[in-house]
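Trainee: below is the sequence, then the predicted model.
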Amino acid sequence: MSAPPPLRKRRKEARPSELLAAALDLFVEKGYAATRLEDVAKQAGVSKGTLYLYYANKEALFKAVIQEGIVPVLAENELIAAQHTGSSFELLGKLLDNWWNKIGQTRLAGIPKLMVAEAGNFPDVAQFYYENVINRGRALVGTALERGMVSGEFRRSDVETTIDVIIAPILMLLIWRYSIGCFQEHEGDPEQYLRIHMNLLRQGLSKSTEESQV
């Protein structure tokens, strides 16, 4: 008879992803400061000692959540931007759609609220998030804006400020959903919110809109 499958080995190999999933749940639910490594290990069904085999401390664990959960989506969007041949507004839409599907509709959407709340108390973590997530996200939006301005599709405006204006409503959507929005009697429709946001952007960025106002 053949030997049974190596269950213990398969379980061990699955542990990093289980630990990251447990860590993400607790970071989003409790925040960075209140999340304890022993609670992460317990939720993942392993000992605290096992967790330390993979992650030296809570900061390393949090960084791994970002590296494994958010950074790959940014890399996908960078590839989308590099291969895009349509209009620049269509590119903005593609970037937002991919981000929303992979991050905005998942537990990862709770990370921005955590960072806004706790960045001042954990500057090393905030710096890591800024360099690996915010900078890359801003660069993607900036690429689409500059592309549209060069082609004449978009009106000329200060790129850095326009990036802020584009990102701010999306950031607010996530922060609201994971804070005050929990107390709303009727939850809003985030997809309708994003559609309205994109419609307003289309009108605000359009070169033809600028010309009609002259």
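Mentor: That came in fine, so what should we check first? Everything numeric in this text was worked out from a predicted model, so none of it was measured.

Trainee: how many other residues sit next to the residue nearest to Trp100 when sequence neighbours are not counted?
Mentor: Distances taken as CB to CB, 6 or more residues apart in numbering place Leu194 nearest to Trp100, at 6.6 Å, with adjacent residues excluded. The C-beta positions use only the backbone N, C-alpha and C, and glycine is treated the same way. Neighbour count of Leu194, defined by other CB atoms under 10 Å: 18.

Trainee: sec struct for Leu194, please.
Mentor: helix (DSSP: H, G, I helix; E, B strand; the rest coil).

Trainee: please parse the chain into its domains.
Mentor: Annotated domains of the chain cover 7-57, 70-212 [automatic domain parsing].

Trainee: related to what we said a few turns ago, dump the residue contacts of the residue nearest to Trp100.
Mentor: 96, 100, 170, 173 (CB atoms under 8 Å, 6 or more residues apart in numbering).

Trainee: check which residues of the helix or strand hosting the first one are buried.
Mentor: So the one you mean is Leu96. Leu96 belongs to helix 88-99 when elements are defined using DSSP states H and E. Judged by neighbour count (16 or more other CB atoms under 10 Å), helix 88-99 contains these buried residues: 88-89, 91-96, 98-99.

Trainee: now do stretch 121-140
Mentor: By neighbour count on 16+ other CB under 10 Å, the buried set for stretch 121-140 is 122, 125-126, 128-129, 132-133, 136-138, 140.

Trainee: returning to what we had before: figure out which of the domains of the chain is closest to Lys63.
Mentor: Across the domains of the chain, Lys63 has its closest neighbour in domain 70-212 (5.7 Å, CB to CB).

Trainee: quick one: the closest one to chain centroid distance?
Mentor: Remark: domain 70-212 is offset 9 Å from the chain centroid, using CA atoms, centre = their mean, to the nearest Å.

Trainee: what ranges does the protein have for its helices?
Mentor: Along the chain, counting by DSSP state H, helices occupy 7-30, 37-44, 48-54, 58-69, 71-83, 88-99, 111-118, 123-129, 135-151, 159-177, 190-205, 207-212.

Trainee: dump the ones you listed into TSV; add distance to Gln105 and mean pLDDT as well.
Mentor: Converted to TSV, the helices of the chain look like this (distance: least, CB to CB, whole Å; pLDDT from 0 to 100):
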stretch	distance to Gln105	mean pLDDT
helix 7-30	14	78
helix 37-44	22	95
helix 48-54	27	93
helix 58-69	13	97
helix 71-83	12	97
helix 88-99	10	96
helix 111-118	13	94
helix 123-129	20	96
helix 135-151	17	97
helix 159-177	11	94
helix 190-205	8	95
helix 207-212	31	61
